[in-house]
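# no letters, just coordinates:
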């Protein structure tokens, strides 16, 4: 996991998957906000909290991961956010297990993300990926190109022109 552990991170889901699969290592790279109940996961020896890292180093961590997770709580905020971490995971062609998020489920890359409605489903998705021992996400190059910053910016400008009669 890369990103901030904060109030919208599903601490109960994390505690469940960490406690149920003690043979897996769970690595968390990023800040921890004080309201996140960190003790729920640090009590397990297979959970590693590495803290914040330089932006330039994040890719090295993602590259070392076998499976990437996006454990958001079910909350109305999910309808309006699209976590950058998932796009970073995709760029490294890593398998991703995520809780359902409206914004992500409507992206063209959604077919390359395992969405799980419950803690049990989330863990089963991780297990299935691990059993295959194939840790590559076969995202086509074109799908990745669609999410390059310059392409996203062009798409935003096109949408603004069409939907809001906006001109630069």
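Thanks, I have it. For clarity, every value in this text was computed on a predicted model and none was experimentally measured.
# contacts and neighbour counts: CA atoms only from here.
Will do.
# just the pLDDT at the residue nearest to residue 129 when sequence neighbours are not counted, thanks.
In space, and not counting its chain neighbours, residue 129 is closest to residue 135: 7.0 Å by Cα to Cα, 6 or more residues apart in numbering. On pLDDT, residue 135 comes in at 79.
# check contacts around residue 135.
66-67, 94-95, 129 (Cα atoms under 8 Å, 6 or more residues apart in numbering).
# at the geometric centre of the chain, which residue do we find?
residue 70 (3.3 Å; Cα atoms, centre = their mean).
# any idea how far that residue lies from residue 13?
Per Cα to Cα, to the nearest Å, residue 70 is found 11 Å from residue 13.
# which ones are touching residue 18?
Residues in contact with residue 18 (Cα under 8 Å, 6+ apart) are 24, 26, 41, 44, 46-47.
# quick one: which two of those residues are the most distant?
24 and 41 (13.2 Å; Cα to Cα).
# neighbour count: those two, which is higher?
For residue 24 versus residue 41, neighbours defined as other Cα atoms under 10 Å are more numerous around residue 41 (21 against 15).
# wait, a helix at the more buried one?
Yes: residue state for residue 41 (DSSP: H, G, I helix; E, B strand; the rest coil) corresponds to a helix.
# quick one: it and residue 16 touch, right?
No: using Cα atoms under 8 Å, residue 41 is not in contact with residue 16; the gap is 9.1 Å.
# re earlier: out of the contacts of residue 18, which are inside helices?
Under the assignment DSSP state H, the contacts of residue 18 contribute residue 41 to helices.
# and the gap between the residue nearest to the centre of the chain and residue 150?
Distance from residue 70 to residue 150, by Cα to Cα: 25 Å.
# count the neighbours of residue 80 for me.
Neighbour count for residue 80, taken as other Cα under 10 Å: 11.
# let's have the chain start at 33 instead
That works, and once the first residue is 33, the last one we named lands at residue 112.
# in stretch 42-50, what counts as buried?
Buried residues in stretch 42-50, defined by neighbour count with 16 or more other Cα atoms under 10 Å: 42-43, 45-50.
# on that earlier part again, and what about the residue nearest to residue 161, helix, strand or coil?
coil.
# and what of residue 101?
Residue 101 - assigned by three-state DSSP - is strand.
# pLDDT at residue 42, what is it?
On pLDDT, residue 42 comes in at 96.
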